[in-house]
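Novice: Take this sequence and fold it.
(chains A, B, C and D)
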2 protein chains.
Amino acid sequence: MAWDTERTKGLLLEAATSEFCTRGLAGARIDRIAAEAGVNKERIYQYFGNKNALFDAVIVAALSTLMDEVPIEGRGPEAMADYAGRLFDHHQKDATAPRLLFWEGLERGTEVVGLPKRMANCASKVNSTIAALPGVSREDAGDLLITIVSLCDAAPVLPALDGLMAGNDPGRAQRRRAAVVRTVYLAAAALAAEAQEPLNAPAATA
Amino acid sequence: MAWDTERTKGLLLEAATSEFCTRGLAGARIDRIAAEAGVNKERIYQYFGNKNALFDAVIVAALSTLMDEVPIEGRGPEAMADYAGRLFDHHQKDATAPRLLFWEGLERGTEVVGLPKRMANCASKVNSTIAALPGVSREDAGDLLITIVSLCDAAPVLPALDGLMAGNDPGRAQRRRAAVVRTVYLAAAALAAEAQEPLNAPAATA
DNA sequence: ATTAATTACAACTACTTAGTTGGAAACTGG
DNA sequence: CCAGTTTCCAACTAAGTAGTTGTAATTAAT
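Specialist: From the prediction side, this is the model:
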């Protein structure tokens, strides 16, 4: 059996994803990642460089995977609401992506890694949004996507907020999901309507 | 001059707020907090106990201050949209509260400190929301508030998202603000309308 | 003043951390 | 089988880390 370096890299990346997801960049421990992967930690430095570069690799891999796993499908405001619902469900099942996204935002600020690939991913989502809502501007499509991401990704990262606001009743996750879907539908429908009749500009900004 | 222990505590809390805000719980350094406050670090252990307890004190102080600084005023969906706009502006000027909120969510999970006080604060906001939108249920009011917090607090914590989606054009912060305000208005108006005519239930959850 | 408590602080401890190194083991082509 | 390269790993290093302690200064009550 030849040295299966790809497998080792994969094990390391998987363990690192789990560790960074739960503890963040500052809280993650290289030794723990190596131990969980069953690999000597020196491999991390050979394959990825250092802790920061490993974090970068985890971020790029996880967020790019997510983009493929939850596509925008169909047409009209319903399609965007449906997308939001599926994104919400996905994050409810596995909070890796939203947690990594917020870790990155908090610990890295505006410094983004893997820019070209991620910009391409975002542009692709913007294009899908425009396809779903013909006539909507790129700016409005981007804003709608940010709204969707904010609503779907904040929920699993702020698990206590639900309980603080609504008490401990069961089924509040489902109600939260419904609220997100409805809000996104309303926002998308407003953009679509505005795109149809752009002449009577509503004073929405006031 | 007597021992001004309150001043010392205040200096420590201020320095700790800044340190935890930028670096989080795992990334913060006790030595750095003491140095920035111009106080010996042993004082931290006398006054607050340990690093975690200091973090707790910072969280409770910062979030409770915020609740008072940005009140819900007026009636109708416009009032909720206005509240969202002021919250957005507040966080744009000073991202301390949203950053601490997300640090807490990521590093602490569901374990919330200062529960009674914070539940009271949330209940107060829920009551204000119900006052602004008569007939709305506590659950829907809480959901609307979570929507507002998600939209307003995610923006300063994910500063890169804007650029990734919409490019680097200036004024995108203002457009984002307008989008948040409009979205909140639509969500609040829908809840208000539903409260007026509760008999024909729209299939919003489907 | 004297005493007893509190507040301040520098030095210290025990431990953990990211990152390195030197050499052994496993694979490759000849 | 052999030389050269790559992969592996245990032990090591140098620099922090949270938290403690012994002691001196400050205060207020006697």
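
Novice: remind me, longest helix of chain A?
Specialist: helix A:172-196 (DSSP state H).

Novice: Give me the angle between it and helix B:172-196.
Specialist: Put simply, helix A:172-196 runs at 110 degrees to helix B:172-196, going by axes from the mean of the first three to the mean of the last three CA atoms, to 10 degrees.

Novice: anything in helix A:172-196 near chain B?
Specialist: Yes - Helix A:172-196 reaches chain B (CB under 8 Å from any CB of the partner chain) through A:172, A:175-176, A:178-183, A:185-187, A:190. C-beta coordinates here come from the backbone N, C-alpha and C atoms, glycine included.

Novice: Just put the residues you listed in CSV and tack on neighbour count and pLDDT.
Specialist: Shown next, in CSV, are these (neighbours: other CB atoms under 10 Å in any protein chain shown; pLDDT from 0 to 100):
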residue, neighbour count, pLDDT
A:Arg172, 18, 87
A:Arg175, 17, 93
A:Arg176, 24, 94
A:Ala178, 16, 96
A:Ala179, 22, 96
A:Val180, 27, 97
A:Val181, 24, 98
A:Arg182, 23, 97
A:Thr183, 26, 98
A:Tyr185, 22, 98
A:Leu186, 20, 97
A:Ala187, 27, 97
A:Ala190, 19, 96
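
Novice: Close to DNA strand D: what parts of chain A are there?
Specialist: Residues of chain A that fall close to DNA strand D, judged by CB under 7 Å from any atom of the strand: A:3-5, A:8, A:39-43, A:46.

Novice: Could you report the neighbour count for A:Ile130?
Specialist: 17 (other CB atoms under 10 Å in any protein chain shown).

Novice: Quick one, grab the pLDDT at it.
Specialist: Note for A:Ile130: predicted pLDDT of 96.

Novice: and the spatially closest residue to it that is not a sequence neighbour, what does it touch?
Specialist: Nearest non-adjacent residue to A:Ile130, counting by CB to CB, 6 or more residues apart in numbering or on different chains: A:Ala141, 5.2 Å away. With contact set as CB atoms under 8 Å, 6 or more residues apart in numbering or on different chains, A:Ala141 has these partners: A:126, A:129-130, A:133, A:191.

Novice: what do you get if the cut-off is 6 Å, keeping everything else the same?
Specialist: A:Ala141 sits next to A:126, A:129-130 when contact means CB atoms under 6 Å, 6 or more residues apart in numbering or on different chains.

Novice: Can you say which helix or strand has it in it?
Specialist: According to DSSP states H and E, A:Ala141 maps onto helix A:138-157.

Novice: how far off helix B:172-196 does that helix point, in degrees?
Specialist: 70 degrees.

Novice: how near is the closest residue in space to A:Met80 that isn't next to it in sequence to A:Leu144?
Specialist: Nearest residue to A:Met80 in three dimensions, chain neighbours excluded: A:Ala188, at 4.0 Å (CB to CB, 6+ apart). Using CB to CB, to the nearest Å, one obtains 6 Å as the distance from A:Ala188 to A:Leu144.

Novice: same deal with A:Arg175?
Specialist: Taken as CB to CB, the span from A:Arg175 to A:Leu144 is 22 Å.

Novice: ok, back up a step: looking at the contacts of A:Ala141, which are in helices?
Specialist: Using DSSP H, those in helices are A:126, A:129-130.

Novice: residues making contact with the least confident helix or strand in chain A by mean pLDDT?
Specialist: Ranking every helix and strand in chain A by mean pLDDT, DSSP states H and E puts helix A:159-166 at the bottom, with a mean of 88. When contacts are defined by CB under 6 Å, 6+ apart, helix A:159-166 is touched by residues A:172, B:110, B:112, B:122, B:139, B:142, B:145-146.
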